[in-house]
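1. only geometry, no sequence info:
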């Protein structure tokens with residue numbers, strides 16, 4: 001075995017690590033970036049609640065439209081007018097307003113359904129969490145059944 005020549009201790013050591021200034025600059029960057037990231041995270045969490053509310057309100061509106069379509073398929077005539085109601089969905093009370101109004105096309109009604117989490121909020125288009133418009137015939141067309149086939 002061959003021994004390596006011995007080097008002085010000073011030659012074997014090398015400077016490793018960070019200077020105080022480098023550490024302070026790194027901490028300053030983290031100190032600036034961390035609050036910005038926390039703000040962004042808080043904003044995203046707030047938006048998650050809004051999206052959840054809008055989704056549940058959309059389900060309520062779509063349920064009301066499905067009920068209208070079922071009534072129409074059963075042969076019931078859908079009159080023009082205004083109806084209000086409330087329903088519980090996902091442990092919350094939702095209020096809906098349906099307005100049916102005539103259109104220039106004969107026999108065709110425009111149904112506007114608004115949903116909000118308060119009775120006052122459903123009255124205003126700006127306060128409603130979800131709004132849905134649908135066009136349905138006042139009564140089922142007599143020449144075609146619900147499946148679209150002629151009798």
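-> In hand now; what should we look at? Since the model is a prediction, treat every value here as computed from it, not as a measurement.
2. what helix or strand does the most centrally placed residue in the chain sit in?
-> Closest to where the C-alpha atoms of the chain average out (C-alpha atoms, centre = their mean) is residue 51, at 2.8 Å. Element membership for residue 51 (DSSP states H and E) is helix 20-73.
3. who are the packing partners of that helix?
-> The helices and strands touching helix 20-73, judged by 3 or more C-beta pairs under 8 Å, 6 or more residues apart in numbering; DSSP states H and E, are strand 81-89, strand 92-102, strand 108-116, strand 130-137. Every C-beta, even on glycine, is put in place using the N, C-alpha and C of the backbone.
4. report how many residues lie close to the residue lying closest to residue 102 once chain neighbours are set aside.
-> Closest residue to residue 102 apart from its sequence neighbours, by C-beta to C-beta, 6 or more residues apart in numbering: residue 80 at 5.6 Å. By the criterion of other C-beta atoms under 10 Å, residue 80 has 13 neighbours.
5. and if you look at the one 4 residues further on?
-> Other residues within reach of residue 84 by the criterion other C-beta under 10 Å amount to 13.
6. quick check: bridge partners of the residue nearest to it when sequence neighbours are not counted?
-> Distances taken as C-beta to C-beta, 6+ apart place residue 97 nearest to residue 84, at 5.3 Å, with adjacent residues excluded. Taking DSSP bridges as the rule, residue 97 bridges to residue 84, residue 114.
7. in this structure residue 97 contacts residue 118, no?
-> No. At 11.7 Å, residue 97 does not count as touching residue 118 under the criterion of C-beta atoms under 8 Å.
8. who has more neighbours, those two?
-> Counted by other C-beta under 10 Å, residue 97 and residue 118 do not tie: residue 97 has more neighbours, with 21 against 13.
9. from residue 134, how far off is that one?
-> Distance check for residue 97 against residue 134: by C-beta to C-beta, to the nearest Å, it reads 14 Å.
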